[in-house]
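*Asks:* Next comes the sequence, and after it the predicted model I'd like to discuss.
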Amino acid sequence: MNYDVFGVGNAIMDIQVRCDDAFLTSTAIEKGIMTLTDDARQQLVLDALSDHDLNFCSGGSAANTIVGIAEMGGTTAYACKTGSDSFGKQYLEEMKDLGITIEIEQRDGLTGTCVVLITPDAQRTMLTSLGVSSSLDADDILEAEIAKAKYLYVEGYLFAGDSTKAAALKAIELAKKNNVKIALTISDPFLIAICRDEFQALIEGPVDLLFCNEEEAKALTGLEDPIACAQAIHQHCDNVALTLGKNGSIIMHENEVIPIEGFEVEATDTTGAGDMYAAGVLYGVTNGLSWHQAGHLGSHAAARVVSQLGARLLDPLTIEEIEALLSE
């Protein structure tokens, strides 16, 4: 089977919970960002949440995007590493049920987890223990699978570890070799401080489509105006998708600034907004939509996901809804 998109990223079991700002303060967790932790620290936080309602869902940034594409009707595959525990089994079963191909077998150890703390202002704060996900390496990347795809989608978080970075770079190398287009998401502003040169080299080299948010674009370029940021990146990268939260997004394609409107919704949880936006754009550009249509679809999908709890759409977009959106 050929794929619209082949993703490479972490396999993380998301554990979503509502809490107040006082909880973040009491546990010394910095609000609004993703912080890496270890299994012991993660367990302490979960113990402190024992009186809260927890929601479990297989995730990871690139995984959320791959799931979104699959639920829109696209064909996808994913390279990730899961543990031999119950979370790993649940993760692979959920992906299989969605028709997502995963060729890498479980290995001994714990599956990665991410505690997603959602405060009343809909901000999400993530505490991530990577588990065996951090052991994904270049040997796990299969050329024959990547060669089947129209696009490779690489998660920026992979560049935080030596082994996972090697896997990402191997995937990019094989995609370029097989004329598969390459999309990269920055994933988090903190990565720019430690991976700026590598990201810049990829943007100036093999990457065909860069996904980033406003904060990441400013950190990457040193500029303040979002359009100026997008144009600066576009000097080196064929296509840029820069998200602006509730204000929509900017897409750069063939030297054209394509403004994409946002959708007014009551935000419940911002987890996965960027991931779902990327799903809409990638589904669109691999299924014959224009860049404006793809951005419109991404914007709508992102708005829908922030109006609910969790990074997986509880009510996925149907083909009929997608067609109706594109006719507006």
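*Replies:* Thanks, I have the structure now.
*Asks:* Name the residue closest to the centre of the protein, please.
*Replies:* When CA atoms, centre = their mean is applied to the chain, the residue found nearest the centroid is S61 (3.0 Å).
*Asks:* in stretch 84-102, what counts as buried?
*Replies:* D85, F87, G88, Q90, Y91, L92, E94, M95, L98, I100, T101, I102 (16 or more other CB atoms under 10 Å). C-beta coordinates here come from the backbone N, C-alpha and C atoms, glycine included.
*Asks:* Generate CSV for these, with secondary structure and distance to G161 as supplementary columns.
*Replies:* Output for the buried residues of stretch 84-102, formatted as CSV (DSSP: H, G, I helix; E, B strand; the rest coil; distance: CB to CB, whole Å):
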residue, secondary structure, distance to G161
D85, coil, 20
F87, helix, 20
G88, helix, 19
Q90, helix, 24
Y91, helix, 19
L92, helix, 22
E94, helix, 24
M95, helix, 22
L98, coil, 26
I100, coil, 23
T101, strand, 24
I102, coil, 20
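*Asks:* And the residues you listed, which is closest to E143?
*Replies:* Nearest to E143 out of those is T101 (CB to CB; 14.8 Å).
*Asks:* one step back: what two of the buried residues of stretch 84-102 are the furthest from one another?
*Replies:* Greatest spatial distance among the buried residues of stretch 84-102 (CB to CB): D85 and T101, at 21.9 Å.
*Asks:* Tell me where the stretch 151-300 of the chain has helices.
*Replies:* Applying DSSP state H, counting those that start in this stretch to the stretch 151-300 of the chain gives helices spanning 162-177, 189-204, 214-221, 226-234, 273-285, 291-306.
*Asks:* right, so these: which one is the most enclosed?
*Replies:* helix 273-285 (a mean of 29; mean count of other CB atoms under 10 Å).
*Asks:* That one to helix 214-221, inter-axis angle?
*Replies:* Going by axes from the mean of the first three to the mean of the last three CA atoms, to 10 degrees, helix 273-285 is angled at 80 degrees with respect to helix 214-221.
*Asks:* how about the CA coordinates for helix 273-285, as CSV?
*Replies:* Taking C-alpha atoms only, helix 273-285 is exported to CSV below (Å, rounded to 0.1, in the frame of the first residue of the first chain):
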residue,chain,number,x,y,z
ALA,A,273,-4.0,22.3,17.8
GLY,A,274,-0.8,22.6,15.8
ASP,A,275,-0.8,18.8,15.2
MET,A,276,-4.3,18.8,13.8
TYR,A,277,-3.6,21.9,11.7
ALA,A,278,-0.7,20.0,10.1
ALA,A,279,-3.0,17.0,9.5
GLY,A,280,-5.4,19.2,7.5
VAL,A,281,-2.6,20.8,5.5
LEU,A,282,-0.9,17.5,4.7
TYR,A,283,-4.1,15.7,3.9
GLY,A,284,-5.0,18.6,1.6
VAL,A,285,-1.7,18.8,-0.3
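*Asks:* when you give positions from now on, start the count at 26
*Replies:* Done: numbering now begins at 26, and the last item shifts to helix 298-310.
*Asks:* Which strands and helices lie in contact with that helix?
*Replies:* strand 28-33, helix 86-97, strand 174-180, strand 206-210, strand 234-238, strand 264-268, helix 316-331 (3 or more CB pairs under 8 Å, 6 or more residues apart in numbering; DSSP states H and E).
*Asks:* Just send those back as TSV, with mean pLDDT and distance to R221 too.
*Replies:* Shown next, in TSV, are these (pLDDT from 0 to 100; distance: least, CB to CB, whole Å):
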stretch	mean pLDDT	distance to R221
strand 28-33	98	21
helix 86-97	95	19
strand 174-180	98	16
strand 206-210	98	14
strand 234-238	97	13
strand 264-268	98	17
helix 316-331	91	26
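*Asks:* Can I get those in TSV including distance to F288?
*Replies:* Shown next, in TSV, are the helices and strands packed on helix 298-310 (distance: least, CB to CB, whole Å):
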stretch	distance to F288
strand 28-33	23
helix 86-97	16
strand 174-180	23
strand 206-210	21
strand 234-238	17
strand 264-268	13
helix 316-331	4
